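A.B. asks: got a predicted structure plus its sequence, pasted below:
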Amino acid sequence: MKKKTIISLVLGFAALMLVLTGCANNSSKSATSSKSSSSEASGKITVVGSTALQPLVEKGAANFQKKNSKVNITVQGGGSGTGLSQVQDKSVTIGNSDIFAEEKQGIDSKKLVDHKVAVVGMAPVVNKDANVKNLTMDQVKQIFTGKITNWKEVGGKDETITVVNRAKGSGTRATFEAAVLKGSEAVKSQEQDSNGTVQKIVESTPGAVSYLAFSYINDKIQPISIDNVKPTDDNVESDKWKIWSYEHMYTNGKPDSATTKFLDYMNSKDVQDSLVKDMGYISIHNMKVQKDSKGTVSSK
Amino acid sequence: MDDIQKKLQTKSKATFQDYFGKGICYLCIGLIILLVTCILYFIASKGLATFTKDHVRVLDFLTKSNWNPGATDASGHPEVGALPMIVTSFSVTLLAALIATPFALGVAIFMAEFSSKRGSKILQPVIELLVGIPSVVYGFIGLTVVVPFIRNIFGGTGFGILSGTLVLFVMILPTITSLSVDSLKSVPLYYRQASLALGATRWQTIYKVILRAAVPGILTAIIFGMARAFGEALAVQMVIGNAALMPKNLISPASTLTSKLTTDIGNTVMGTLPNNALWSLALILLLMSLALNMLVKFIGKRGRF
């Protein structure tokens, strides 16, 4: 008897959820339709993809909508792969990605138009306990390919190295591996699916090493200098620090007027000089070099 | 005469209400069936594409232990061996059920046989509250409490099957408990009376009569708990370490079917092999939950009293 009540409760709850979500959808739809009744830029923009870029786009979209109330922008995460494949299918207006579309298997990059909105620097980070502050590029490579397994081999404490990777195919991992491993296979180890979790794990696990975007590095973990170059914004801008990537917003073909306006806004001095910096990214305007999809760096 | 004939032959309002009610029922049933078929078809078609389109051998998929869908091995076959994930999923599920069952049974026996009305009035909501806690909260507690605890006692990183088991143990405990209570309570009163009349003590009655009569119900409870453990993704993902490696021991990082799905799905592109391989993992999950459901049906059919 009890089982039946539980089941009916569950069913009732499910029905309730259905009704509630239905309502939520309706209300957002009616909101768009009531807004899109004027002459200036209007429309609905859906942005999906990279979780690393998501906070910046969310803030940017919120500010943009304050000035352009007729445009309705929805920003969602989902990962770079999702962003790229959905913009390719035209299910969304803009696909956010940490990596070039050319680097992703299964994406036809010819159809997609790239809009670079920011630069992200990444650095190896270790648990403070390991007592390591500087490594050579080769040492970093050997740590992440599993050849160096104890911190004492690189002048640290006698402690086993625990490599924490990001999920395979994540943009941060792709960038890090392209810059550091250069084609070698990373050692199989634990994988975490977000910068936040990696930060927490490196902070609390003795001997842990991983890599993080600059904005996630705090004073509880130790960022590593490579070949005595410190991981700073200035060093990224001059390409002295090698591990960085663009944040891309891809559109499928030429974007419509509202989308163009939004992308222009993201690229404007207004956003690049304040919002981008405040949120820990590096402004695209400050870069003294540029990188193409094959990783070749040239001066701007 | 005509009037009566007309009255008898035309359909009354109540009849139409009847049709209307039936119609709504059939509509709902149809929708649900459609939904289930769609989900089954979608997962199956995506999951089987790994084998039909990308020509991965099913046996390789189930028995090889190298998971690296982007790369190919020496002979040119894609490296999609799901064995580590399958083994880990089963290990955490079985271990969690193994630990949770004695605790759940203890609480259930207390609630069904010993506790006063007031006692179960307090215990019942407590147990139901445990069911209602979102899994991300369990995962977060696991990450901040269980993982460091394991690390301090056993060394290593603390991520692994043991942490996963401990988190799942708490999560499935209420499921097994409340279903076991139901099955113990549904043992007819005259079983107890007869046993006591024969001179058995209370413990003998519980152990020799009630528990045995309730076995099918208790087994069902355990299987429901296992189904929950097998399908749990978020909490496990946060504490298991997510390394697609064959688990060497209980405290080395590993990865379950579900945790692999949640970590990787956002980074793959629809239609490519890495994405299809993940759908194949989803297909295994689906088949497993189907198998567990069948098992419940089977046990339910056998044990009626």
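C.D. replies: Alright, I've got the coordinates.
A.B. asks: near chain B, which residues of the stretch 151-300 of chain A?
C.D. replies: By CB under 8 Å from any CB of the partner chain, the part of the stretch 151-300 of chain A that sits against chain B consists of A:162, A:167-171, A:185, A:188-193, A:197, A:200-201, A:204-205, A:208. In this view, the C-beta of every residue, glycine as well, is placed from N, C-alpha and C.
A.B. asks: among those residues, which ones are in helices?
C.D. replies: A:171, A:197, A:200-201, A:204 (DSSP state H).
A.B. asks: ok, and the most crowded of those residues?
C.D. replies: Highest neighbour count within these: A:G171, with 32 neighbours (other CB atoms under 10 Å in any protein chain shown).
A.B. asks: list the contacts of that one.
C.D. replies: In this structure, A:G171 makes contact with A:50, A:52, A:80, A:97-99, A:245, B:267, judged by CB atoms under 8 Å, 6 or more residues apart in numbering or on different chains.
A.B. asks: for the closest residue to chain A within chain B, which non-adjacent residue is closest in space?
C.D. replies: Per CB to the nearest CB, B:G266 is where chain B lies closest to chain A, at 2.5 Å. Excluding the flanking residues, the one nearest B:G266 by CB to CB, 6 or more residues apart in numbering or on different chains is A:G79, at 2.5 Å.
A.B. asks: the one you found contacts B:N267, correct?
C.D. replies: Yes: using CB atoms under 8 Å, A:G79 is in contact with B:N267, at 4.8 Å.
A.B. asks: enumerate the residues of the stretch 51-200 of chain B near chain A.
C.D. replies: The stretch 51-200 of chain B comes close to chain A at residues B:68-71, B:143, B:147-148, B:151, B:157-159, B:178-179, B:181-182, B:185-186, as judged by CB under 8 Å from any CB.
A.B. asks: in strands, which of those appear?
C.D. replies: Mapping those onto strands (DSSP state E) picks out B:68-71.
A.B. asks: farthest pair in the residues you listed?
C.D. replies: B:P69 and B:A71 (7.7 Å; CB to CB).
A.B. asks: look at A:S257 and report its pLDDT.
C.D. replies: A:S257 carries a pLDDT score of 88 in this model.
A.B. asks: report the central residue of the chain.
C.D. replies: Using chain A. With distances taken as CA atoms, centre = their mean, A:A52 lies nearest the centre of chain A, 2.2 Å away.
A.B. asks: not what I meant, chain B
C.D. replies: Note: chain B centre (CA atoms, centre = their mean) maps to B:A227, 1.6 Å.
A.B. asks: pLDDT score assigned to that residue?
C.D. replies: pLDDT, B:A227: 92.
A.B. asks: and the pLDDT at residue 28?
C.D. replies: No chain in the question, so chain A it is. 39.
A.B. asks: let's do chain B instead
C.D. replies: pLDDT, B:C28: 96.
A.B. asks: and it, how many neighbours does it have?
C.D. replies: A count of neighbours around B:C28, defined by other CB under 10 Å, yields 10.
A.B. asks: assign it to helix, strand or coil.
C.D. replies: For B:C28, the secondary-structure state derived from DSSP: H, G, I helix; E, B strand; the rest coil is helix.
A.B. asks: what does stretch B:91-109 rub up against?
C.D. replies: B:123, B:127, B:161, B:164-165, B:168-169, B:171-173, B:176-177, B:180-181, B:184, B:206, B:211, B:218, B:221-222, B:225-226, B:229-230, B:236, B:240, B:247, B:256.
A.B. asks: rounded mean pLDDT for it, please.
C.D. replies: Across stretch B:91-109, the average pLDDT comes to 95.
A.B. asks: next, the buried residues of that stretch.
C.D. replies: Of the residues in stretch B:91-109, those buried by neighbour count under the rule 16 or more other CB atoms under 10 Å in any protein chain shown are B:91-93, B:95-97, B:99-101, B:104-105, B:107-109.
A.B. asks: can you name the residues that contact whatever residue of chain A ends up closest to chain B?
C.D. replies: Nearest residue of chain A to chain B (CB to the nearest CB) works out as A:G79 at 2.5 Å. If you count contacts by CB under 8 Å, 6+ apart, A:G79 has them with A:49-51, A:170, B:265-267.
A.B. asks: list the residues that contact B:P78.
C.D. replies: B:54, B:56, B:69, B:71-72, B:273, B:277.
A.B. asks: weed out the non-buried ones from those residues.
C.D. replies: Buried by 16+ other CB under 10 Å: B:54, B:56, B:69, B:273, B:277, out of the contacts of B:P78.
A.B. asks: can you report phi and psi for B:E128?
C.D. replies: phi -70, psi -30 (degrees, to the nearest 10).
A.B. asks: residues in contact with the residue nearest to B:G47 when sequence neighbours are not counted?
C.D. replies: Among residues not flanking B:G47 along the chain, B:L283 sits closest, at 3.1 Å (CB to CB, 6+ apart). Listed by CB under 8 Å, 6+ apart, the contact partners of B:L283 are B:43-44, B:46-48.
A.B. asks: now do the SS call for B:L283.
C.D. replies: Reduced to three states with three-state DSSP, the structure at B:L283 is helix.
A.B. asks: put the alpha carbons of the strand ranked longest in chain A into CSV.
C.D. replies: The strand that spans the most residues within chain A, counting by DSSP E, is strand A:112-127. C-alpha atoms of strand A:112-127 as CSV (Å, rounded to 0.1, in the frame of the first residue of the first chain):
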residue,chain,number,x,y,z
LEU,A,112,31.5,28.8,-38.9
VAL,A,113,32.6,32.4,-38.4
ASP,A,114,35.0,33.0,-35.6
HIS,A,115,34.7,36.0,-33.3
LYS,A,116,37.5,36.2,-30.7
VAL,A,117,36.4,38.0,-27.6
ALA,A,118,39.0,37.4,-25.0
VAL,A,119,42.3,35.6,-24.2
VAL,A,120,42.7,33.2,-21.3
GLY,A,121,46.1,32.4,-19.8
MET,A,122,46.6,29.1,-18.0
ALA,A,123,49.2,27.9,-15.6
PRO,A,124,50.3,24.7,-13.9
VAL,A,125,49.3,24.7,-10.3
VAL,A,126,50.5,22.6,-7.4
ASN,A,127,49.5,22.0,-3.9
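A.B. asks: shaky segments in the stretch 201-305 of chain B?
C.D. replies: B:303-305 (pLDDT under 70).
A.B. asks: mind redoing it with 50?
C.D. replies: For the stretch 201-305 of chain B, applying pLDDT under 50 flags no range at all.
A.B. asks: around chain A, pick out the residues from it.
C.D. replies: By CB under 8 Å from any CB, the residues of the stretch 201-305 of chain B that approach chain A are B:237-238, B:241-245, B:253, B:255, B:262-272, B:274-275.
A.B. asks: tell me which of those residues fall in helices.
C.D. replies: Among those, the ones falling in helices (DSSP H) are B:237-238, B:262-264, B:274-275.
A.B. asks: just send those residues back as TSV, with neighbour count too.
C.D. replies: As requested, these are exported to TSV (neighbours: other CB atoms under 10 Å in any protein chain shown):
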residue	neighbour count
B:Q237	26
B:M238	30
B:T262	18
B:T263	26
B:D264	27
B:P274	24
B:N275	23
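A.B. asks: out of the residues you listed, who's nearest B:R202?
C.D. replies: B:R202 lies nearest to B:M238 out of those, by CB to CB, at 43.4 Å.
A.B. asks: residue contacts, the nearest residue to the closest one once chain neighbours are set aside?
C.D. replies: The shortest distance from B:M238 to any residue other than its chain neighbours is 3.6 Å, reached at B:G139 (CB to CB, 6+ apart). Counting by CB under 8 Å, 6+ apart, B:G139 touches B:167, B:234-239.
A.B. asks: over to B:G47?
C.D. replies: Counting by CB under 8 Å, 6+ apart, B:G47 touches B:276, B:279-284.
A.B. asks: low pLDDT regions in the stretch 101-250 of chain A?
C.D. replies: Residues of the stretch 101-250 of chain A that meet the cut-off, pLDDT under 50, do not exist.
A.B. asks: can you show me the strands along the stretch 101-250 of chain A?
C.D. replies: A:112-127, A:134-135, A:162-166, A:190-192, A:208-213, A:221-223, A:225-226, A:244-252 (DSSP state E, counting those that start in this stretch).
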